[in-house]
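# Okay, here's the prediction I keep looking at, along with the sequence it came from:
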Amino acid sequence: MAPMMQIAHGKNKSQEEIIDRCYRLRYNKKQLYIDRTCTVMAAFGFWMRRMTGVVIGIDTALIITILYNRYMWDMMAHIITDRHTVDALPKQ
């Protein structure tokens, strides 16, 4: 489903717009947090219940990270730094 959605969405985009979107996703701290949490929870779920655990782990990670990003992100100190995201995006 995702490749079809990408083709449908990407037809009207120039190469520069696609590269810009990829760049912004790669350096978005909230998106990186979601991706990393999903990876860890999927691995933990696989360890617990194989493929069913992967699905449950990803679903749980998405719910937790969406709630965290929405309600708690600004209140928490982010002690984990990423060498790729530190001042990567230009100030606007």
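That came through, no problem. Numbering: from 1, shown residues only.
# which sections of the protein are below the confidence cut-off?
Filtered on pLDDT under 70, the chain yields the residue ranges 1-2, 5-6, 10, 77-92.
# Where do the helices of the protein begin and end?
Ranges of helices within the chain are 2-10, 15-26, 29-67, based on DSSP state H.
# Met76: which of those helices is closest?
Between Met76 and those, the tightest spacing by Cβ to Cβ is seen for helix 29-67, at 10.6 Å. For the C-beta atoms, the positions are set from N, CA and C on the backbone; glycine is no exception.
# Show me what the closest one packs onto, helices and strands only.
Secondary-structure packing of helix 29-67 (3 or more Cβ pairs under 8 Å, 6 or more residues apart in numbering; DSSP states H and E): no helix or strand packs against it.
# repeat that for 10 Å
Using 3 or more Cβ pairs under 10 Å, 6 or more residues apart in numbering; DSSP states H and E as the contact criterion, the elements in contact with helix 29-67 are helix 15-26.
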